[in-house]
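> Below: sequence and its predicted model.
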Amino acid sequence: MSNTINLKKLALGSLAVAALAASQGVIAHTRLESPTVVEGTKVHNFVVVSHGCNSPSTGGKNAATYGTTVVFPNAASYAPVIGVNSKNTGTTAGWQGAVYTTNPASTYYSPAAGIGTLLRGGIPWNAYNNKVDAAGNKDGFWAGGASMDQSITTAIDVPFYSAAITIAPTSCARSVTFVLAIADVCNINSVSTTASDNDVLYWSPIPNFSGVPGAPFGTPAGDPTNTNVSSAGVPVGKPYSRYDGYKDAAHTIPGDGWGSPATLKVTRNLTTNPLPAGCSGNGGAGDDVFVFPAAQQINNEIPVYQNANQTGAVYWQ
Ligand SMILES: [Cu+2]
């Protein structure tokens with residue numbers, strides 16, 4: 001009898017450990033609080049910075065975070081990389097299984113820009129600004145200015161709202177997923193060209209899927225053990241943007257966030273906006289569309305400037 005109880009306790013204990021490990025896996029990166037929204041709805045959301053940079057002294061990912069900089073894809077002033085996945089399952093699941101298209105963003109969704117805007121209330125840091133393109137479209141934001149503990153306290157939540165996105169009625173898209181570029185800066189004095197995971201964590205979009213011009217993007221050394229993008233590991237290749245993210249200052253080893261971006265998935269309202277006739281993707285259920293920010297947009301807008309239009313003092317680049 002007592003043995004049975006002990007076994008039960010042991011089993012429950014193992015389950016608790018397994019559940020804890022699983023939940024830590026889920027919160028292990030920088031992601032959105034609500035990663036999936038329905039089309040046509042403006043949603044109050046958060047960028048959640050779940051852990052800090054690598055700390056050489058503790059060996060953990062718990063170095064304090066000084067600020068974060070966030071970019072959503074803009075298809076008005078830039079040409080995002082767009083992929084369509086019509087076999088979103090098994091080995092071709094996710095954006096990894098998408099196929100590059102030259103169709104403009106308007107084929108699939110609107111508006112073309114202004115996807116994410118900072119909310120002024122409840123920002124954990126007291127310095128912040130939106131980021132805009134040359135036409136004034138809001139492309140993202142930054143917030144920072146103080147070292148926020150990440151060793152004892154939990155996630156840092158930065159509030160924003162996402163625009164009401166409409167999926168084009170004429171398209172076969174059942175979802176549109178915006179892939180974000182984010183840099184969490186721990187060492188404000190670091191510069192991106194020499195920063196490592198000890199200084200900055202990049203949650204970088206790497207569009208390594210079929211047909212993308214210039215792909216595969218990789219690192220000088222490659223890394224068969226990093227499966228963020230594909231089971232084959234990170235290939236040897238050229239960088240996508242200047243903010244891909246590396247463990248090492250030499251930029252040869254892909255870091256924690258390489259090819260592991262936050263995403264905002266907008267799902268089609270199939271009741272009010274049914275698929276047109278003849279859609280064959282995913283067995284007739286519709287295509288999943290993925291939108292990656294242009295490398296040029298990332299290079300222009302991930303750096304942190306005094307002014308929203310990337311002018312004035314440079315706070316970090
Ligand atoms: Cu992580």
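Received, thanks. Residues are numbered from 1 along each chain as shown.

> pLDDT score for the closest residue to Gly136 other than its chain neighbours?
Excluding the flanking residues, the one nearest Gly136 by C-beta to C-beta, 6 or more residues apart in numbering is Asn309, at 7.9 Å. All C-beta spots, glycine's among them, are computed from the backbone N, C-alpha and C. Note for Asn309: predicted pLDDT of 96.

> Which neighbouring elements make contact with the lengthiest strand in the chain?
Counting residues, the longest strand found in the chain (DSSP state E) is strand 138-148. The criterion is 3 or more C-beta pairs under 8 Å, 6 or more residues apart in numbering; DSSP states H and E, and the helices and strands that strand 138-148 contacts are strand 65-71, strand 116-118, strand 127-132, strand 156-162, helix 295-301.

> same thing but 6 Å
If you count contacts as 3 or more C-beta pairs under 6 Å, 6 or more residues apart in numbering; DSSP states H and E, strand 138-148 packs onto strand 65-71, strand 116-118, strand 127-132.

> Tyr240: what's it in contact with?
Counting by C-beta atoms under 6 Å, 6 or more residues apart in numbering, Tyr240 makes contact with 206, 217, 295.

> Could I get those residues in TSV, plus columns for distance to the ion, neighbour count and pLDDT?
Output for the contacts of Tyr240, formatted as TSV (distance: C-beta to the ion, whole Å; neighbours: other C-beta atoms under 10 Å; pLDDT from 0 to 100):
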residue	distance to the ion	neighbour count	pLDDT
Ile206	16	29	98
Phe217	20	23	97
Ala295	23	23	98
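
> I'd like the next helix or strand past the helix or strand Arg174 falls within.
Here Arg174 is covered by strand 173-179, with elements defined by DSSP states H and E. The helix or strand immediately downstream of strand 173-179 is strand 181-185, counting by DSSP H and E.

> neighbours around the closest residue to the ion within the stretch 201-317 of the chain, how many?
Nearest to the ion, among the residues of the stretch 201-317 of the chain, is Asp256, at 4.8 Å (C-beta to the ion). By the criterion of other C-beta atoms under 10 Å, Asp256 has 21 neighbours.

> That one belongs to a strand, doesn't it?
No: going by DSSP: H, G, I helix; E, B strand; the rest coil, the assignment for Asp256 is coil, not a strand.

> quick revisit: need the winner for burial among the helices and strands packed on strand 138-148.
Ranked by average neighbour count under the criterion mean count of other C-beta atoms under 10 Å, the helices and strands packed on strand 138-148 are headed by strand 65-71 at a mean of 26.

> strands paired with the next helix or strand after it, and their directions?
On the C-terminal side of strand 65-71, the closest following helix or strand by DSSP H and E is strand 81-85. Strand 81-85 pairs in its sheet with strand 99-101 (antiparallel), strand 287-292 (antiparallel), by DSSP bridges.

> Of those, which stretch is the most buried?
strand 287-292 (a mean of 27).

> what's the average pLDDT for that strand?
Rounded mean pLDDT across strand 287-292 is 98.

> do the same with stretch 111-119
98.

> Let me see the residues that make contact with that stretch.
So stretch 111-119 is contacted by 72, 74-76, 105, 130, 137-138, 140-141, 159-163, 178 (C-beta under 6 Å, 6+ apart).

> hmm, try it at 8 Å
44, 70, 72-77, 105-106, 128-130, 133, 135, 137-141, 143, 158-163, 165, 178, 180, 264 (C-beta atoms under 8 Å, 6 or more residues apart in numbering).

> Filter those down to the buried ones and express that as a PyMOL selection.
Buried members of the contacts of stretch 111-119, defined by 16 or more other C-beta atoms under 10 Å, are picked up in PyMOL with:
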select buried, resi 70+72+73+74+75+77+105+128+129+130+133+137+138+139+140+141+143+158+159+160+162+163+165+178+180+264
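
> wouldn't Asn269 be in contact with Val37 here?
No: in this structure, Asn269 is not within contact of Val37 by C-beta atoms under 8 Å, at 11.0 Å.

> returning to what we had before: in which helix or strand does the residue nearest to Gly136 reside?
Per DSSP H and E, there is no helix or strand for Asn309.

> residues contacting it?
Contacts of Asn309 by C-beta under 8 Å, 6+ apart are 132-134, 136.

> try Val48
So Val48 contacts 27, 30-33, 155-158 (C-beta under 8 Å, 6+ apart).

> export these to JSON lines and tack on pLDDT and distance to Tyr240?
Below are the contacts of Val48 laid out as JSON lines (pLDDT from 0 to 100; distance: C-beta to C-beta, whole Å):
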{"residue": "Ile27", "pLDDT": "49", "distance to Tyr240": "26"}
{"residue": "Thr30", "pLDDT": "97", "distance to Tyr240": "18"}
{"residue": "Arg31", "pLDDT": "97", "distance to Tyr240": "20"}
{"residue": "Leu32", "pLDDT": "98", "distance to Tyr240": "21"}
{"residue": "Glu33", "pLDDT": "97", "distance to Tyr240": "26"}
{"residue": "Ala155", "pLDDT": "93", "distance to Tyr240": "27"}
{"residue": "Ile156", "pLDDT": "97", "distance to Tyr240": "26"}
{"residue": "Asp157", "pLDDT": "97", "distance to Tyr240": "28"}
{"residue": "Val158", "pLDDT": "98", "distance to Tyr240": "24"}
